[in-house]
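Student: Need coordinates for the following:
(chains A and B)
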Amino acid sequence: MAISHLCTNCGSDLARIRARREPRYGLPLIVCPRCGTCAVRRRHPLPRRYRSGKRLMVSLAVLVAQLGLLVAFTVLALVGCVQFGDAFMRGDIEPSRPEMTVLAVLSFGVLPLALGMWLKAGLSHWRRPVAWLVFALVVLPMLSIDTLLLPWLARSIPSLDLTLQWDSCRWDLWLGRASALAALMSVALLGIPAGAGLGRLHDLARRGLWRFRLRQARMRRAIA
Amino acid sequence: MTAIDTSAAAPGRDGDGTLCEERVSTVNADRLCTTCSYNLTGQMVLREPHYGLLIVRCPECGTVAGVQEYPLLGRWANRWGAVLAALYFIVLLGLWPASGAAIMGMAFGTAEEAAHPYGRYLNALHQAATQAGQQPQGTATPPAPPTPPAAPGAIDPQVITRIVSGPAIGDDFEDWWAQQDAQALFAQAGGWREAVDWRVLFLWIPAALTAFVTGWFWSIALLQFRRRWTYAWGAMIMLLALLFGIGPCAEWLWGEVWYARMAARQQISPAIFLATIIICIPPLLAGLAAGRPLTRGLVRALLPPGLRSSLALLWTAEGLPPPRGRAARA
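Tutor: The predicted model follows:
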């Protein structure tokens, strides 16, 4: 038995009338045969909820991917700054060692360029300098945990009996790391134009997809 | 208006299609576009000129949504909804004890760690007493005076090995312990100040983080709850953590004492366990309070406006206006 569908104007039951896809708006339309009042049949909630759920999954996947990228870039930037900042301040940098060169290129070439591209293309909804600045301000305090914070804590509360690498605050190491971060973030600025290009390409692809879909829909309507 | 206008062109082709649409009202609630899931809140409800229907146009993809709809009486949507709701309920019901167990586990570990120095101290006392008892009577010397618990690095490795492996069951520690005044020994070891390993303060950091993340999770999982009800749920989680802790606490307090570390736990661990549970309450409440704003902030920071609309529930559940895209802001 069909589900009852009464006309809001004259009360006729429209249940037996088959909805037709209206060419102007693409809606499943019913016209009352008695009074001519139009009504739209409702789409079934199951496919609608499926589409909403799919959309939600896409949003969550992008959110998780963005979080993963944020964590990955933060950790890699920290490792690069700590390794090279400390080595620089201790005078341990040997450019003749090939692995050192590779690491330097990865840490201060590939990583910051990728970071800059992500800050521009991945976080395109942020105002231009804000994402870059926020990232630098997030990483900078992390660089001071073992050089400044923990030695200060150990000195302030001796009963904690902390076993630390350094007995006192190492401002020199912190300065080396901060300089490394400044260098890394400067190179990241170069990645921003590339990120902008990537973002434009993405937008173009999306627009093309929407144009294609609209063209298909119009062709279907024209055939109908 | 009595038949479907099959000769009508696509919107905009004749140029005056949108000009004659009468503005009726505005969408105030959450309603997603069926094509691109853009949130149509704030869009105008129009009376279209061809059929007199009420419609809303999506500003992102241009899809027309008919808002004059009839309730659907099909049963399968409700059935599937009920199945999904039941599954969600079962999962949440399973995660409730899991949350309590996670907090209890952190408190349990902290309580055991805190008693280690005192356990080593008692073990050293017991060893000294045993050695004194085994010496020949003619050459008996008074046992060495007990020393307060030493720093972990200064402990004799042999003593540590003995503590870790523990003496065999049937050793005389149980008898020796029964003859001792536990409170006096504890005071002699320095009481709460010296006998407890206060480096457990560092273990309170992961414990507090666990509680905070638990609170954050539940603030999102119980999105339909009002804020004060989520706090009540937090109390239920802590209650469960305490209930889970009754077993270990009873074992510490009234269980048989075979080793020095068991004796140490009897005096120290229940109090530290309770203290850790109490310490976990503020971070749990903070997670419950800040979980939703933090998640909204993360979504705003990391997702472009077009993808935020499907997470609009994070806003609408608390009566806030859902996130708007660039088009709506402009």
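Student: Excluding chain neighbours, what is closest to residue A:22?
Tutor: residue A:29 (4.1 Å; Cβ to Cβ, 6 or more residues apart in numbering or on different chains). Yep, even glycine has a C-beta here, placed from its N, CA and C like the rest.
Student: now the strands for the chain?
Tutor: Just going to use chain A. A:20-21, A:28-31, A:38-40 (DSSP state E).
Student: wrong chain, I was asking about chain B
Tutor: Taking DSSP E as the criterion, chain B carries its strands at B:22-26, B:44-47, B:54-57, B:64-66.
Student: Out of the ones you listed, the one nearest residue A:204 is which?
Tutor: Taking Cβ to Cβ, strand B:54-57 is the member of the strands of chain B nearest to residue A:204, at 24.3 Å.
Student: is the closest one up against chain A anywhere?
Tutor: Yes - counting by Cβ under 8 Å from any Cβ of the partner chain, chain A is contacted by strand B:54-57 at residue B:55.
Student: list the helices and strands that strand packs on?
Tutor: The helices and strands touching strand B:54-57, judged by 3 or more Cβ pairs under 8 Å, 6 or more residues apart in numbering or on different chains; DSSP states H and E, are strand B:44-47, strand B:64-66.
Student: same thing but 10 Å
Tutor: strand B:22-26, strand B:44-47, strand B:64-66 (3 or more Cβ pairs under 10 Å, 6 or more residues apart in numbering or on different chains; DSSP states H and E).
Student: Quick one: those as JSON lines, columns for mean neighbour count and distance to chain A too.
Tutor: Output for those, formatted as JSON lines (neighbours: other Cβ atoms under 10 Å in any protein chain shown; distance: least, Cβ to the nearest Cβ, whole Å):
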{"stretch": "strand B:22-26", "mean neighbour count": "11", "distance to chain A": "15"}
{"stretch": "strand B:44-47", "mean neighbour count": "18", "distance to chain A": "11"}
{"stretch": "strand B:64-66", "mean neighbour count": "23", "distance to chain A": "3"}
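Student: Would you format those strands as a markdown table with mean pLDDT and distance to residue A:102 included?
Tutor: A markdown table is the format used below for those (pLDDT from 0 to 100; distance: least, Cβ to Cβ, whole Å):
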| stretch | mean pLDDT | distance to residue A:102 |
| --- | --- | --- |
| strand B:22-26 | 80 | 60 |
| strand B:44-47 | 85 | 59 |
| strand B:64-66 | 81 | 56 |
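Student: Residue A:49 reaches residue B:37, doesn't it?
Tutor: No - the criterion here is Cβ atoms under 10 Å, and residue A:49 misses it with residue B:37 at 11.4 Å.
Student: out of these two, which sits in the busier spot?
Tutor: Taking other Cβ atoms under 10 Å in any protein chain shown, residue A:49 and residue B:37 do not tie; residue B:37 has more neighbours (23 against 15).
Student: if I look at the closest residue to the more buried one other than its chain neighbours, how far off is residue A:113?
Tutor: Leaving out its chain neighbours, the residue that sits closest to residue B:37 by Cβ to Cβ, 6+ apart is residue A:55, at 4.1 Å. According to Cβ to Cβ, to the nearest Å, residue A:55 stands 32 Å off from residue A:113.
Student: Identify, out of the strands of chain A, the most deeply packed stretch.
Tutor: Of all the strands of chain A, strand A:38-40 has the most neighbours on average by mean count of other Cβ atoms under 10 Å in any protein chain shown, namely a mean of 24.
Student: Paired strands for that strand, with orientation please.
Tutor: For strand A:38-40, sheet partners with direction are given as strand A:28-31 (antiparallel), following DSSP bridges.
Student: Any part of the lengthiest helix in chain B near chain A?
Tutor: Taking DSSP state H as the criterion, chain B has its longest helix at helix B:260-302. Yes - using Cβ under 10 Å from any Cβ of the partner chain, helix B:260-302 comes into contact with chain A via B:295, B:298-302.
Student: Which among those count as buried?
Tutor: Buried residues within the residues of helix B:260-302 next to chain A, counting neighbours by 16 or more other Cβ atoms under 10 Å in any protein chain shown: B:295, B:299, B:301-302.
Student: Just list the residues touching the residue positioned nearest the centre of chain A, thanks.
Tutor: For chain A, the residue nearest the mean C-alpha position is residue A:66 (3.7 Å; Cα atoms, centre = their mean). By Cβ atoms under 10 Å, 6 or more residues apart in numbering or on different chains, the residues touching residue A:66 are A:118, A:122-123, B:298-299, B:301-304, B:307.
Student: Using TSV, lay out these together with pLDDT and distance to residue A:106.
Tutor: Shown next, in TSV, are the contacts of residue A:66 (pLDDT from 0 to 100; distance: Cβ to Cβ, whole Å):
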residue	pLDDT	distance to residue A:106
A:118	91	16
A:122	87	20
A:123	88	23
B:298	92	29
B:299	93	32
B:301	90	27
B:302	91	25
B:303	91	29
B:304	86	29
B:307	85	31
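Student: Check the residues you listed and tell me the two furthest apart.
Tutor: Pairwise over the contacts of residue A:66, using Cβ to Cβ, the maximum falls at A:118 and B:299, 17.6 Å.
Student: Check the gap between residue A:211 and residue B:64 for me.
Tutor: Residue A:211 is 18 Å from residue B:64, by Cβ to Cβ.
Student: do residue B:271 as well
Tutor: Counting by Cβ to Cβ, the gap from residue B:271 to residue B:64 is 68 Å.
Student: Residue A:187 now?
Tutor: 49 Å.
Student: so which residue of the stretch 201-330 of chain B comes closest to chain A?
Tutor: With Cβ to the nearest Cβ as the measure, residue B:302 is the residue of the stretch 201-330 of chain B nearest to chain A, at 3.9 Å.
Student: check contacts around that residue.
Tutor: Taking Cβ under 10 Å, 6+ apart, one finds A:62-67, A:69-70, A:122-123, A:125-126, B:308 in contact with residue B:302.
Student: For residue B:291, find the nearest of the helices and strands packed on strand B:54-57.
Tutor: Between residue B:291 and the helices and strands packed on strand B:54-57, the tightest spacing by Cβ to Cβ is seen for strand B:22-26, at 31.3 Å.
Student: just checking, what packs against that closest one?
Tutor: strand B:44-47, strand B:54-57.
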